[in-house]
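Chemist: 3D model of this:
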Amino acid sequence: MYVKEWKALIKMALITCFLVCAQIISAQEKNISLELKNVTVKEALEQLKAKTTYSLWFNVSEVDLGRKITINFQDKSINEALNIILKGQALNYEIKDKYIQIFKPRQNSEKGKNKQISGTVVDDMGESLPGVSVRFKEDATVGTVTDLDGHFQISIPEKAKTLIVSYIGMETKELPIKEGNIKITLSSDSQMLEEVVVTGMTKVDKRLFTGATDRLKAEDARLDGIPDVSRALEGRSAGVSVQNVSGTFGTAPKIRVRGATSIYGSSKPLWVVDGVVMEDAVEIDADDLSSGDAVTLISSAIAGLSADDIESFQILKDGSATSIYGARAMAGVVVITTKRGQAGVSRINYTGEFTSRLKPNYDNFNIMGSQEQMGVYNEMAEKGWLIFSDTYRASNSGVYGKMYQLINSYNPQNQSWGLVNTPEAQAAYLQMAEMRNTNWFDELFNNNITMNHSISISSGTEKAKYYGSISIYNDPGWTKASSVKRYTANANASFNLSDNLTLTLLSNGSYRKQKAPGTLSQEIDVVSGEVRRDFDINPYSYALNTSRTLALKDADGLVYYTRNYAPFNILNELDKNYIDLDVVDLKFQGELNWKIIKGLEANVVGAVKYQMTSQDHLIKEHSNQPEAYRAAGDATIRDRNPLLYKNPDIPNSLPVVVLPEGGIFDKNEYKLLGYDFRASLSYNTSFKDKHIMNLFAGTEANSADRTQYWSRGWGYQYEKGGIPFYDYLIFKQGIEQNNQYYYNDLTYSRNLAFFGMGTYSYMGKYTATGTIRYEGSNRLGKARSARWLPTWNVAAAWNMHEEEFFEKLTPALSHFTLKASYSLTADRGPAFVTNSRVVYRNYSPFRPFAGVKESGLQIEDLENSELTYEKKHEFNVGADFGFIDNRINLSLDYYTRNNYDLIGLINTQGGGGQGTKYANVASMKSSGVEFTLSTKNIRTKDFQWTTDFIFSKSKNEITELDSKARVMSLISGMGFAEKGYPVRALFSIPFQGLNEDGLPTFINEDGEVTITDINFQEALKKDFLKYEGPTDPTITGSFGNIFSYKNFKLNVFMTYSFGNVVRLDPVFKSEYSDLDAMPKEFRNRWTVPGDEAYTNIPVIAHTRQVKDIPNLKYAYNAYNYSDVRVAKGDFIRMKEISLSYDFNPAWIKQFKLNNLQLKLQATNLFLIYSDSKLNGQDPEFFRSGGVASPVPKQFTLTLRLGL
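Modeler: A predicted model of the protein is given here:
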């Protein structure tokens, strides 16, 4: 389905949802008919309320509710109905919005009567509160409720000294009586809200919850100006690690809850939104998140959620908290609760975020300027790298190559050469390049403003509550090659169909249109150890890898140099080689809750999820890649260009062009269609005021169908209406190389589960909980024992503060809870492991003539019918403390984990025809400690200062693993699995210094000192490698302070990470070109014999050395992966500094506003500490090119207002 059609579908779906809500409400507001015989006024009012959407407010002491009446009327208005029911009582009523206030006519005070107290009750945003209870502590029989405008008036009885003001969901206030008119402000009862743990399936009283969890209010965690809400979790919860391996919109950060749980799986937490599991359109493992490949643009399952629609996050960490999700929650669960409609006056809220991002700056990087760079080129020229004959025909060339092209370029019209071939002219040309010092960051990055606008409306009555919102995010692009527009809409409604039946409808939709630089997938040459990405035009990588001697433009326009034997200019490339991404994300959900009898509830949830991604890679005819397919200038270039085709049917012929016209059009489509259904029963009761029992049981089923389609169109003529022009030889070449030009993959996932949970508590002091879940999945082996798995949990907690003796410890010790749990949870393992059944792949065997071509079918993976779940036993013990009236709160957790049946590669005897296969053969153990400290340092009327400190430390070790990892895997920057080491362990080739010629030397697998004899594919002899450390941090946390003075609030928030190592960027090569930028480390390179005693920076090799020493590039690749190219990944980052001001409610009320806030926030401002060896390299970001970019430094101005 086309994107335009889906945009129309989103609009229609959302409009339909609103119309349905409106229709239900309007249907309930029609004229009323009632026939009641000999009933009380109370019963009549209840019947009236049931037939309307109005809420009734009155003081029971003023209305004779027990009076018997008989009424019979048809099709009456609400006013007429009230007049009939209240007939004979001296009562007035007032109708405003959805409220009806019934009251006795107030009499003016007379001299000598009781004194009066009157006033107005408002919430913390200045909005009046109707229906607030106002009574006296000393005489509960005297009381009233506020009217529709929040006003009240009451006579003061004798001996009354204290006024009690209470309202559902608000803090109860006790005030000394003051005669006259007063204003009372009630705040939301946040403590009451925080004492509920939301697991996504149930809501549990925190006092009865035995698991390890953290609840985060969305307003406290959000980072303005950053649209991906998952990044807001960084530093907010102990044990939760968030690594921003890429900052590009749509790419997911690497999130770990208590570290890795799988060796080859993603180890990412399960995302649950409003009780429904969110599925990824494409299942991406952890290593691919940092690859920079285009598929990472859709790696975030919640990229379509607006931060303004989120109410809270609940992070479930241990087995006790996650066990209800069974075999999908081994890596933790993040539960998101979105905002819902509230009964009361309609509220409209607007949020506008205006963000400016700073361009990267060369001052922060270790890159040579043009003068130093030209000095290096001079040395390269002396060593034979930049001579005319080679550079003129080189695959890649810059200043020197351009100079030689100009020398060889003759213009017959004006009978002149591009550059006179004299030493003076060449020197002048090179001197101009030497002084150029092009700032690629200025040329390729933009100073612009991103805007995020969100507007929501919330309203309702006791009968129906609804919430709706829309948001628009517009990013014109931090780089010349990128831009994003995202539209989100959210509508939900809750209807009390009767006193015991509630229906909730929710719909979420988003549409994203994104542009990114064109990119191909990253490739690793396991023989030479080289990591490359062909035709990479990532602006960030280009700015750091490209010489500053090059010009972008001159008086005649764009300046072209040479890449892949074809003309190249980065601005032309970004204009003619890009990815257009369209993402449609929809979810429709319904929930029915039935209170059968007191304490017994039935709940049914159903949801439909759909996501469609269209990813078009447009490589236009005059971009570098198609031109490279046509680069055949002379016989030398023809023979060297790997993109030309050498026809095996014509021996001894020169390679020919197979793409004579047009460009390339790559089409990717990803579709996801998922269904979720859950039915459950819960029973909550207590007896004898001592015993509390909660029971919960149910079943759920879900499915997810994924489709991935790719096709390549050769010879697509963009400038001629898309007409294809292709040579049949390009398909012949593809057949011979077994390269397909399209594929269509379909994956089906089906899951069924049964679950139960029971909790018992004695007087809230001692609590025991047990959970069991039994589930099956079609993705695992067909054996019953493999496909079906029971998971379980047992836990206990002791609330010491409920004990009688605890009163003696107060107020020094405010509360104390001790809890412990032991559990079995599981996961289905890596998404790419598909050999639960035999896997077939097609291929095209080579045949010399087209007439005898045929298709082949081969067994890719043999069946493993016993392939089953990855499992984890976890023991957790924790304690929560409160000191000095809860001004100091401390939380401690310690856990140990034993992961087993992990899926890994096993080396077989080969008897079945397969040397290696995936099976449940690995085990891992891990442990950790978590510490959270929150303090209220100062608390006065005008000034408050709070501090939060979060610390967590974890470690893991692979105890069983039979697979034989190659050297290349172990030394790559992402790390790899090896028995006896952490899940992501980084190793290095031992560097042995430079030899007398300045070439790097190493210890190889045989213990010998060598230059090039490094076997990157070695899988048996690996003891020679040096272990550096884990690539995942072992210590993470944050330190934050909030200072509030009157209406000002200053937030200073820092995050930190320690314990991991980082592979430095691979910048050394055996052969450089005059396109390359060099790091300033080259200042200390080996230049003359004897330098090897003072430096470890290798020499710029001479052309003779490259010819005389076979595979010299192995040496420089090994140097990039040696122990001297490793730094610590430790850092302390100033994550956020923000200052906000809330305008006085009394002042803004004249503008019909309830709240108005201005906020200025700086995000990712600087690193307070990092290893000096990084030289500007971000310790979190992998400079992998493609679509990847770092998280920028930015400033955001936010406006929030409410009507």
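Chemist: In the chain, which residue is most central in space?
Modeler: Among the residues of the chain, the one closest to the centroid is Ser230, at 3.6 Å (CA atoms, centre = their mean).
Chemist: Assumed that residue was part of a helix.
Modeler: Yes. Counting by DSSP: H, G, I helix; E, B strand; the rest coil, Ser230 falls inside a helix.
Chemist: Report the contact partners of it.
Modeler: Ser230 sits next to 242, 252-253, 255, 300, 302, 334 when contact means CB atoms under 8 Å, 6 or more residues apart in numbering. The C-beta positions use only the backbone N, C-alpha and C, and glycine is treated the same way.
Chemist: What segments of the stretch 601-750 of the chain are strands?
Modeler: 663-687, 691-717, 723-724, 742-762 (DSSP state E, counting those that start in this stretch).
Chemist: I'd like the ones you listed laid out as a markdown table, including distance to Thr213, mean pLDDT and mean neighbour count.
Modeler: Shown next, in a markdown table, are these (distance: least, CB to CB, whole Å; pLDDT from 0 to 100; neighbours: other CB atoms under 10 Å):
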| stretch | distance to Thr213 | mean pLDDT | mean neighbour count |
| --- | --- | --- | --- |
| strand 663-687 | 19 | 93 | 17 |
| strand 691-717 | 17 | 93 | 18 |
| strand 723-724 | 57 | 90 | 12 |
| strand 742-762 | 15 | 90 | 16 |
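Chemist: Of all those strands, which one is nearest Pro567?
Modeler: If you check each of the strands of the stretch 601-750 of the chain against Pro567 by CB to CB, strand 663-687 wins as the nearest, at 14.4 Å.
Chemist: Name every strand pairing with the closest one and say which way it goes.
Modeler: strand 600-619 (antiparallel), strand 691-717 (antiparallel) (DSSP bridges).
Chemist: Quick one: the helices in the stretch 951-1100 of the chain, in order.
Modeler: Shown for the stretch 951-1100 of the chain, the helices assigned by DSSP state H, counting those that start in this stretch span residues 967-971.
Chemist: just to revisit the earlier point, and of the strands paired with strand 663-687, who's closest to Phe1068?
Modeler: strand 600-619 (30.6 Å).
Chemist: Buried residues, the closest one. List them.
Modeler: 601, 603, 605, 607, 609-615, 617-619 (16 or more other CB atoms under 10 Å).
Chemist: so for it, what's the average pLDDT?
Modeler: For strand 600-619, mean pLDDT rounds to 95.
Chemist: export it as CSV, just CAs?
Modeler: Backbone C-alpha positions of strand 600-619 (Å, rounded to 0.1, in the frame of the first residue of the first chain) are rendered in CSV as follows:
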residue,chain,number,x,y,z
LEU,A,600,-13.3,-10.2,41.7
GLU,A,601,-12.5,-8.5,38.4
ALA,A,602,-12.3,-9.8,34.8
ASN,A,603,-10.2,-8.1,32.2
VAL,A,604,-9.9,-8.6,28.5
VAL,A,605,-7.4,-6.8,26.3
GLY,A,606,-7.1,-6.9,22.5
ALA,A,607,-4.8,-5.0,20.2
VAL,A,608,-3.8,-4.8,16.6
LYS,A,609,-0.4,-3.4,15.6
TYR,A,610,0.7,-2.5,12.1
GLN,A,611,3.9,-0.9,10.9
MET,A,612,5.0,-0.3,7.3
THR,A,613,8.3,1.1,6.3
SER,A,614,9.2,2.1,2.8
GLN,A,615,12.9,2.7,2.3
ASP,A,616,14.0,4.0,-1.1
HIS,A,617,17.6,4.4,-1.9
LEU,A,618,18.0,6.8,-4.8
ILE,A,619,21.4,6.7,-6.5
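Chemist: tell me how far it is from the chain's mean position?
Modeler: 17 Å (CA atoms, centre = their mean, to the nearest Å).
Chemist: domains of this structure?
Modeler: 31-103, 116-188 (automatic domain parsing).
Chemist: for the strands paired with strand 663-687, which one sits closest to Gly398?
Modeler: So among the strands paired with strand 663-687, strand 600-619 is nearest, using CB to CB, at 22.9 Å.
Chemist: quick one on the thing from earlier: would you turn the strands paired with strand 663-687 into TSV with distance to Gly980?
Modeler: Formatted as TSV, the strands paired with strand 663-687 follow (distance: least, CB to CB, whole Å):
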stretch	distance to Gly980
strand 600-619	41
strand 691-717	36
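Chemist: For Asp499, which of the strands of the stretch 601-750 of the chain is the nearest?
Modeler: Minimum separation from Asp499 across the strands of the stretch 601-750 of the chain (CB to CB) falls at strand 663-687, 17.6 Å.
Chemist: The closest one to strand 742-762, inter-axis angle?
Modeler: 20 degrees (axes from the mean of the first three to the mean of the last three CA atoms, to 10 degrees).
Chemist: Now the terminal residues of stretch 234-242, how far apart.
Modeler: Using CA to CA, to the nearest Å, one end of stretch 234-242 lies 5 Å from the other.
Chemist: From here on, call the first residue 498.
Modeler: Will do, 498 is the new start, and the previous item becomes stretch 731-739.
Chemist: next one: it to chain centre, how far?
Modeler: On CA atoms, centre = their mean, the centre of stretch 731-739 falls 13 Å from that of its chain.
Chemist: again, but for stretch 651-667
Modeler: 48 Å.
Chemist: How about residues contacting that stretch?
Modeler: For stretch 651-667, the surrounding residues in contact (CB under 8 Å, 6+ apart) are 610-615, 618, 620, 626, 628-636, 639-641, 669-674, 676, 681, 683-686, 689.
Chemist: Show me which of the residues you listed are buried.
Modeler: 614, 618, 620, 626, 628-633, 639-641, 681, 683.
Chemist: and the two most separated of those residues?
Modeler: Applying CB to CB across these, the maximum distance is between Asp620 and Val639, 24.8 Å.
Chemist: Next one: Ala505, what pLDDT does it get?
Modeler: For Ala505, pLDDT reads 47.
Chemist: Just put the strands of the stretch 1098-1247 of the chain in a markdown table and tack on distance to Ser894.
Modeler: Below are the strands of the stretch 1098-1247 of the chain laid out as a markdown table (distance: least, CB to CB, whole Å):
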| stretch | distance to Ser894 |
| --- | --- |
| strand 1160-1184 | 23 |
| strand 1188-1214 | 28 |
| strand 1220-1221 | 32 |
| strand 1239-1259 | 36 |
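Chemist: can you tell which of those is closest to Arg1582?
Modeler: strand 1160-1184 (39.6 Å).
Chemist: Can you get me the centre-to-centre distance for that closest one and its chain?
Modeler: Using CA atoms, centre = their mean, the offset of strand 1160-1184 from its chain centre is 17 Å.
Chemist: Go ahead and confirm Ala1250 touches Ser1274.
Modeler: No. Contact criterion CB atoms under 8 Å: Ala1250 and Ser1274 do not qualify, at 9.2 Å.
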